[in-house]
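Q: Please find the sequence and the predicted model below.
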Amino acid sequence: MRYVLLIAWREFVETIKTRGFWIGILLFPALIVLGVLVPRLIEKKGIPTRHFVMVDRTGTLAPVIRTALAERELRRQEEALVEFARTAKYQEPFSYFVSSNRVLDLPGWKQSAGTNWLGVRGFVAPKPRFAEVPLPEGVRDEGSLETVAEALRPWLRGDRKLTSAAGEAALFAAVLIPTNLAELAARPNPAGTNVTAGLQYWSENLADTALLEAVQTPVNAELRRRAYEGRGLDAALVRGIEQTRAPVVSLNPKKAVGEEQVGLSDRLRQWLPSAFVYLLWIAIFSVAQMLLTSVIEEKSNRIIEVLLSSVTPGELMLGKLLGIAAAGLTMLATWIAGMLLVIAWKAAGVTPEQAAAAGAMANLPLDVAAILRTTWLLPAFVMYFLLGYLLYAGLIIALGSTCNTIKEAQSFMSVIIVFLMVPLFTMTFIPRDPNGTLATALSWIPPYTPFVMMNRMTADPPLRDVIGTLFLLVAFTGFVLWGAGRVFRIGILRTGQPPKLVELLRWLRKP
Amino acid sequence: MHTPALELREVTKTYGAFTAVDRLSLSVPAGCVYGFLGPNGAGKTTTLRMILEIIRPTQGTISVLGSPSALAVRRRIGYLPEEKGLYKKMRAWSVIAYFATLKGMSPAVATRRAHELLERYGLKDFADARTEALSKGMGQKVQVLAAVAHDPEFVILDEPFSGLDPVNQTVMEDIITDLRARGRTVIFSTHVMAHAERLCDRLVIIARGRKLFDGTPAEARGTLPRRVRLALEAGGEPAADLPGVLGRVQLPDGQWELQLGEGADPQAVLAACFARQIRLRSFSAEEATLHDVFVKLVGPDATEARFR
């Protein structure tokens, strides 16, 4: 055992010294942070103001569109102001209107501050999303819309830039509205069919459809309003009726009377295991890479001979498995500890009343903390991680021992990767029907047990499934490790071609 | 007499139909430097691996330091494998210390010892270098030091000289001489007869898995007839009936080489020349070299080895 620990310690120290380990440990949280921050940043800064021209031959729709766009812009500014009020250190101008958890009472604020309500010190109003510009010099609103479009082409293609006092800008789009748009309107809208005439939206950019939507929505609303009025209906009444909703309360029969209401916390309870499955998957995966590199290094350098003159192949294999498991667990523990720290930090000092006032999302850390405290999720995760790790690591170390180069090992790895894709694919279905046929069947396949059972953990799976699959998983993992020991013993000293499957099976039977 | 450091009895290793080692028996006395000579593919490395219990013999028994299992006495054995390699990212001292701890040394003692050895063999400045930054010769020295860091009684070196420049070959010879001076048993395999000639107390020559010779270098040389080389002042042929002479060959430079029968004395040949008043320009009694013994014993198998 002393030698096993010596080997494990070296593996651990050498692994955590590699650059790959630190990239791995930082990459995952970095990806999550980036995944949250980047869209926000893009929203804030990234998308430039879109300049467009509008030619309205009906003479009545353009004002409707302009009003709608202006309202939209105002809403964006208000949202920005609310966010500013929530996060800004300088609270004074808001002091009457910001509640204890920094929620701005916008209508009150607007009413009291009058028209100057955007002029708060330190607040920078967001750039407008869209800006209508007059037709460029030399293009006139004359002749057919096709003629106008033809004249606009150089600007729309980016060959020419709009010039104004503020500088140059690209023309993003042109909105051309034909005189007879109202007659062209179809009911129901033949979406996706080949429309040849209608509101013309000219733009090179097919990906950013925000402007088109911002134009389409008020036009549709306006056309509907006119249609109602044309038939003598009160448009405001119709709109009011259209907003009718039947209230729905989600209730959970498993909960005590009076607490049946399904909240965010219950939904989390079903989805949190998926997060753990991801973690397990990533951990097994990165650990597998470390293990493979380490085995192949010793084999290709022939250090293995020196090692085998000092320790038995079994001790060597066990040492490597332990050492690299320790490295993998360190990585995982860092992630989980980081997550818990953030949760604790966010949840600290927030009373349930405050949390409720701040809305469901602010409650998230508290909910996660509560779930981790009250369920078996964390201990189950550690157990399934260890078993899953040993199972896959055993397979990988055995196969790795038969290869001489990383390249040879990659072909083995690709098989394992395909195999490992299944729990990832099924992960979204399992929480929907955690005790269904698919989930139950997959649970009984030992290599999938850690993933699938983890996924089912919060859905109270039948005890028979929990204990049965666990027993099977332990037995199977034991078998894999035993077989791995046999293959490792022979494979590690072998040079030349990796063995065929039949040969591997023969090694298993060899005493 | 002490128990031998190593004893092999009728050891055979087969891989399928191929016999790598064929009924090999050996006895290596404690405290001697023992050479393992043989052409490529002779079964030297296989034998050494079996001695170390890295692989098991198909048949026969091996006893190392009195134990049937090398792993049981692994702390007392040091091993340098044929193909040299080190952990690339580890530092020289830590590799040595690591292998020493695997042989049972405590980490603190192993670290101290690693630094001592590196200093003694001129690698002090490279103690903190990653092994991937070392030259081939330095890397190999580090590996040898790693093999002997735990001060083993019994050291097995597989091709310790290959890939070393003459200066480092001398250092390697020094390491082996030092080990002998402290009473350690050393087995090393080599292709280069000069090293064997200088270092070995005893040697074995194997080819195709079989033992061809086992004994001291002097005994090895004794297996070949002695030779006398002479040049006649007047030219011409030496008489064929000189005492003990079995045959004669004229060398390209005009000298004659006479092969002597077993037990024949070169002095008797010289005396006979004087007696017959044959005037000599030069006369030398040549000892057969290990190289000759090797070539003769191994024959065609050695063709490859000779060019190394």
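A: Received, thanks. Numbering: from 1, shown residues only, chains lettered A, B, ... in the order given.

Q: Now for the residue of the stretch 151-300 of chain A at minimum distance from chain B: which residues touch it?
A: Residue nearest to chain B within the stretch 151-300 of chain A (C-beta to the nearest C-beta): A:Glu297, separated by 7.0 Å. Placement of C-beta: from N, CA and C, glycine included. By C-beta atoms under 8 Å, 6 or more residues apart in numbering or on different chains, the contact list for A:Glu297 reads A:Ile303, B:Tyr87, B:Lys88.

Q: Which element, helix or strand, includes it?
A: Per DSSP states H and E: A:Glu297 is located in helix A:264-301.

Q: For the helix or strand that that helix is followed by, give the mean pLDDT please.
A: Remark: after helix A:264-301, the chain's next helix or strand is helix A:303-308, criterion DSSP H and E. Mean pLDDT, computed over helix A:303-308, is 84.

Q: contacting residues around helix A:303-308?
A: The set of residues external to helix A:303-308 that reach it, using C-beta under 8 Å, 6+ apart, is A:7, A:297-298, A:316, A:492-493, B:49, B:52, B:54, B:79-81, B:83, B:85-87, B:99, B:102, B:143, B:146-147.

Q: Looking at those residues, which are in helices?
A: Under the assignment DSSP state H, the contacts of helix A:303-308 contribute A:Ile7, A:Glu297, A:Glu298, A:Leu316, B:Arg49, B:Phe99, B:Leu102, B:Gln143, B:Ala146, B:Ala147 to helices.

Q: Which one (most neighbours) among those residues?
A: B:Phe99 (28 neighbours; other C-beta atoms under 10 Å in any protein chain shown).

Q: Could you list the buried residues of the helix holding A:Glu297?
A: For helix A:264-301, the neighbour count (16 or more other C-beta atoms under 10 Å in any protein chain shown) marks A:265-266, A:268-270, A:272-273, A:276-277, A:279-301 as buried.

Q: Stretch A:497-511 now?
A: So stretch A:497-511, judged by 16+ other C-beta under 10 Å, has buried residues A:Pro498, A:Pro499, A:Leu504, A:Trp507.

Q: ok, now stretch A:400-409?
A: So stretch A:400-409, judged by 16+ other C-beta under 10 Å, has buried residues A:Gly400, A:Ser401, A:Thr402, A:Cys403, A:Glu408, A:Ala409.

Q: Quick one: end-to-end length of it, please.
A: 6 Å (C-alpha to C-alpha, to the nearest Å).

Q: do it and chain B meet?
A: No - if you take C-beta under 8 Å from any C-beta of the partner chain as the test, stretch A:400-409 misses chain B, and the best it gets is 11.9 Å.

Q: pLDDT of that stretch, averaged?
A: Mean predicted lDDT for stretch A:400-409 stands at 83.

Q: Show residues contacting it.
A: A:291-293, A:295-296, A:299-300, A:399, A:412, A:487-488, A:491-492, A:494-496, A:498-499, A:504.

Q: try it again with 7 Å
A: Outside of stretch A:400-409, the residues within contact range by C-beta atoms under 7 Å, 6 or more residues apart in numbering or on different chains are A:291-293, A:295-296, A:299-300, A:412, A:487-488, A:491-492, A:494-495, A:498-499.

Q: any idea how chain A splits into domains?
A: Domains of chain A are assigned by automatic domain parsing as A:49-234, A:264-509.

Q: burial count for B:Pro243?
A: 12.

Q: Which residue would be the closest one in the stretch 201-308 of chain B to chain A?
A: For the stretch 201-308 of chain B, C-beta to the nearest C-beta, closest residue to chain A: B:Gly209, 18.3 Å.

Q: B:Tyr15 is in contact with that residue, correct?
A: No - with contacts counted by C-beta atoms under 7 Å, B:Gly209 stays clear of B:Tyr15, the gap being 11.0 Å.

Q: What residues of the host helix or strand of A:Asp465 count as buried?
A: Taking DSSP H and E as the criterion, A:Asp465 maps to helix A:463-491. Using 16+ other C-beta under 10 Å as the test for burial, helix A:463-491 gives A:465-466, A:469-470, A:473-474, A:476-477, A:480-481, A:483-491.
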